[in-house]
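[1] What would the 3D arrangement of this be:
(one chain, ligands or ions: 1)
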Amino acid sequence: MAKPAIYYTTPIYYVNDRPHIGHAYTSLATDVLARFKRLDGHEVFFLTGTDEHGQKVEKAAQDAGEDPQAFTDRVSQAFRDLTVTMGFSNDDFIRTTEPRHKAACVALWTVLAERGEIYLGDYEGWYAVRDEAFYGPDELVERDGVKFAPTGAPVEWVREPSYFFRLGKWLPELLRRFDLPEGDAERIEILPESRRNEVRAFIQQGLKDFADRPEKLDLSVSRTSFKWGVKVPGDEAHVMYVWVDALTNYITAAGYPDTNAPRWKFWPADVHVVGKDIVRFHTIYWPALLLAAGLPAPRRVFAHGWWTNEGQKISKSLGNVIDPVALVEEFGLDAVRYFLLREVPFGQDGDFSRKALVNRLNGELADALGNLANRVLSLIQRNCEGKLPEAGDPAVGGALMAGIAALPGQVRDRLDRQEFHLALDVVMASVRDANAYITVEAPWALKKTDPVRMAAVLRHLHTALRCHATLLQPFMPGTAGAMLDQLAVPGDARAMADLDMPLPGGIPLPPPAPLFRKIDLAAA
Ligand code: MSP
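    Below is the predicted model of the structure:
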């Protein structure tokens, strides 16, 4: 039976900034999920792209002395280039300035308007241009008589006609869906659990505060104060609020409004991977808009944490923005990919430090995995005429091979929960087991005393390394691929299911070469 089709998304990135480590991180995590599911036999659609409308972009273009379209073309390209530099396997790259996207926004709006989910009113409140958000009076901070948003952005009092979406009426339904049991098709899952609790509490508070004025919970979804956006159908003085425009990208790429499009089978998204700062947009506005339009809501939203740099908040003004391209040039792509997902539990904040990076790479990749592979492959070269030994006595494999048999399932379970660090943890624990096994068995000493056992030990180790390399492919596509080359695993035998099919004994192995270089911390 065919495995279910899977849809993963990254947020679409604002083009008022150059790509940095935070952007690379969100997409990297999503890339690993996509690559893993493809290896596991699923048809996957992996989407990323750029968010190009709104007042901030209009202003950034103005500041750069450029026409907004020319400006967004240029910056969007930097994000597209990053997908290549980082080795992302996205199936599409969406830009919100594309005609297909504008058509989807207009179609969604029209459906919402026809269903009575959108109405015209007046909006007034404290607005921060920088955040593209309104803030409640109690959220503001006052300094020297001037009001600021909690983010530190300046705010101004704004009153304008605006269309509203009847968000308030959908909130109880969202709470119901958050609480449905696992496996229920209508469930909307928010991970990690702490974020789910936050979102629930936020909605509950809103419902309590505005029990007698539920319209206060409605969402202003249009603006007349700027032009750079998708025009509201039938009332062109308005452009759509940037978040309605942005979120819609996820269905645009699936073919909306054509629900007969080949890609529509991927909707609803299995996981929207987002940063913790944009959880509410994805868990409240987005599912509510979809439900109001009669469309299925996403199955899961996973919110990851934020990186700091050597203990400090990353910001342009501090000048400590980490450029992923420079990191890749310095340490190599796979090393960076490995470190980012290994170091910090996905969902928590993490600190980027060169020392931590070098220690991880040297300790786990060069010493543990690299040395193991090199020892095993060199012994096969020297002691087995460079040919893969026949499968030997299973009893000789013992606990190591029992662990290897369980490993793919353990990695799958962890990745199904977006626990990247734990997935790598179990692989590395198995690498350590293999290192302990080779020390105990000492196959180099068996050559004279028990060559049959030596061959069996090396064959078991080869099987273990094949499993490790197969499972590491999503994380380190290049290095894991090189390792599989050295193990003589054919290109069409590198999927999860292939792990159940042993390679024939006697096939020649190419001469081994080092897979990882050791980094000198002082020099790094
Ligand atoms: N355009 C919106 C998303 C719209 S999705 C329909 C947006 N763009 S963004 O470019 O500002 O941010 C994109 C992602 O980068 C967010 O998920 C955010 O959490 C992530 N990061 C930005 N800085 C980060 C760190 N310092 N660390 C980790 N991730 C960070 O929001």
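
[2] contacts and neighbour counts: CA atoms only from here.
    Noted.

[3] Flag every residue of this protein that's near the ligand.
    11-14, 22-23, 51, 246-247, 274-277, 305-307, 314 (CA under 6 Å from any ligand atom).

[4] Narrow these to those that are buried.
    11-14, 22-23, 51, 246-247, 274-276, 305-307, 314 (16 or more other CA atoms under 10 Å).

[5] picking up where we left off before, among the residues of the chain next to the ligand, which are in helices?
    Those of the residues of the chain next to the ligand mapping onto helices are Gly22, His23, Ala246, Leu247, per DSSP state H.

[6] which one among the residues you listed gets closest to His101?
    Proximity of those to His101 (CA to CA) peaks at Ala246, which lies at 9.4 Å.

[7] Just the closest residue of this structure to the ligand, please.
    Nearest to the ligand, among the residues of the chain, is Gly275, at 3.1 Å (CA to the nearest ligand atom).

[8] ok, that residue touching Trp306?
    Yes. Taking CA atoms under 8 Å as the definition, Gly275 is a contact partner of Trp306 at 7.2 Å.

[9] Spell out, range by range, the helices that occur in the stretch 351-500 of the chain.
    354-360, 371-383, 394-416, 420-441, 443-449, 451-472, 477-486 (DSSP state H, counting those that start in this stretch).

[10] Kindly reformat those helices as CSV containing mean neighbour count.
    Output for these, formatted as CSV (neighbours: other CA atoms under 10 Å):
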stretch, mean neighbour count
helix 354-360, 17
helix 371-383, 20
helix 394-416, 16
helix 420-441, 18
helix 443-449, 15
helix 451-472, 23
helix 477-486, 20
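
[11] Kindly reformat the ones you listed as TSV containing mean pLDDT.
    Formatted as TSV, those follow (pLDDT from 0 to 100):
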stretch	mean pLDDT
helix 354-360	94
helix 371-383	97
helix 394-416	97
helix 420-441	98
helix 443-449	95
helix 451-472	98
helix 477-486	98
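
[12] Of all the ones you listed, which one is nearest Ala253?
    helix 394-416 (23.2 Å).

[13] Pull out the CA atoms of that closest one and give them to me as PDB.
    As requested, the backbone C-alpha atoms of helix 394-416 are provided in PDB (Å, rounded to 0.1, in the frame of the first residue of the first chain):
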ATOM      1  CA  PRO A 394      24.600 -13.800  13.800                       C
ATOM      2  CA  ALA A 395      25.600 -14.700  17.300                       C
ATOM      3  CA  VAL A 396      28.900 -12.900  16.800                       C
ATOM      4  CA  GLY A 397      27.000  -9.700  16.300                       C
ATOM      5  CA  GLY A 398      25.200 -10.000  19.600                       C
ATOM      6  CA  ALA A 399      23.900  -6.800  21.300                       C
ATOM      7  CA  LEU A 400      25.400  -4.500  18.600                       C
ATOM      8  CA  MET A 401      23.300  -6.000  15.900                       C
ATOM      9  CA  ALA A 402      20.200  -6.100  18.000                       C
ATOM     10  CA  GLY A 403      20.700  -2.400  18.500                       C
ATOM     11  CA  ILE A 404      21.100  -1.900  14.700                       C
ATOM     12  CA  ALA A 405      17.900  -3.700  14.000                       C
ATOM     13  CA  ALA A 406      16.000  -1.300  16.300                       C
ATOM     14  CA  LEU A 407      17.800   1.900  15.200                       C
ATOM     15  CA  PRO A 408      15.800   2.900  12.100                       C
ATOM     16  CA  GLY A 409      12.500   2.700  14.000                       C
ATOM     17  CA  GLN A 410      14.000   4.800  16.800                       C
ATOM     18  CA  VAL A 411      15.200   7.500  14.400                       C
ATOM     19  CA  ARG A 412      11.800   7.500  12.700                       C
ATOM     20  CA  ASP A 413       9.900   7.900  15.900                       C
ATOM     21  CA  ARG A 414      12.100  10.800  17.000                       C
ATOM     22  CA  LEU A 415      11.900  12.600  13.700                       C
ATOM     23  CA  ASP A 416       8.100  12.100  13.700                       C
END
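
[14] Tell me the gap between it and the middle of its chain.
    Distance of helix 394-416 from the chain centroid (CA atoms, centre = their mean, to the nearest Å) equals 26 Å.

[15] what's the answer for stretch 482-490, then?
    The answer for stretch 482-490 is 28 Å, by CA atoms, centre = their mean.

[16] Tell me which of the helices of the stretch 351-500 of the chain approaches Ala254 most closely.
    The nearest among these, by CA to CA, is helix 394-416 at 22.1 Å.

[17] Which residues does the closest one contact?
    33, 420, 422-424, 426-427, 430, 433-434, 437, 453, 456-457, 460, 464, 467, 471, 496 (CA atoms under 8 Å, 6 or more residues apart in numbering).

[18] same thing with stretch 207-216?
    Arg166, Gly168, Lys169, Leu171, Leu217.

[19] Now do the least confident helix or strand in the chain by mean pLDDT: which elements does it pack against?
    Across the helices and strands of the chain, mean confidence by mean pLDDT, DSSP states H and E is lowest for strand 133-135: a mean of 82. On a contact count with 3 or more CA pairs under 8 Å, 6 or more residues apart in numbering; DSSP states H and E, strand 133-135 meets strand 118-128.

[20] Nearest to Thr72, out of the helices of the stretch 351-500 of the chain?
    Across the helices of the stretch 351-500 of the chain, closest to Thr72 is helix 477-486 (CA to CA), at 30.7 Å.

[21] by contact count, what packs against that closest one?
    helix 333-343, helix 451-472.

[22] Run the chain-centre distance for that helix.
    23 Å.

[23] what about dumping the CA coordinates of it to CSV?
    Taking C-alpha atoms only, helix 477-486 is exported to CSV below (Å, rounded to 0.1, in the frame of the first residue of the first chain):
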residue,chain,number,x,y,z
PRO,A,477,23.6,14.3,2.5
GLY,A,478,27.2,14.7,1.1
THR,A,479,29.2,13.0,3.8
ALA,A,480,26.7,10.2,4.4
GLY,A,481,26.7,9.6,0.6
ALA,A,482,30.5,9.5,0.5
MET,A,483,30.4,7.0,3.3
LEU,A,484,27.9,4.8,1.5
ASP,A,485,30.1,5.0,-1.6
GLN,A,486,33.0,3.7,0.5
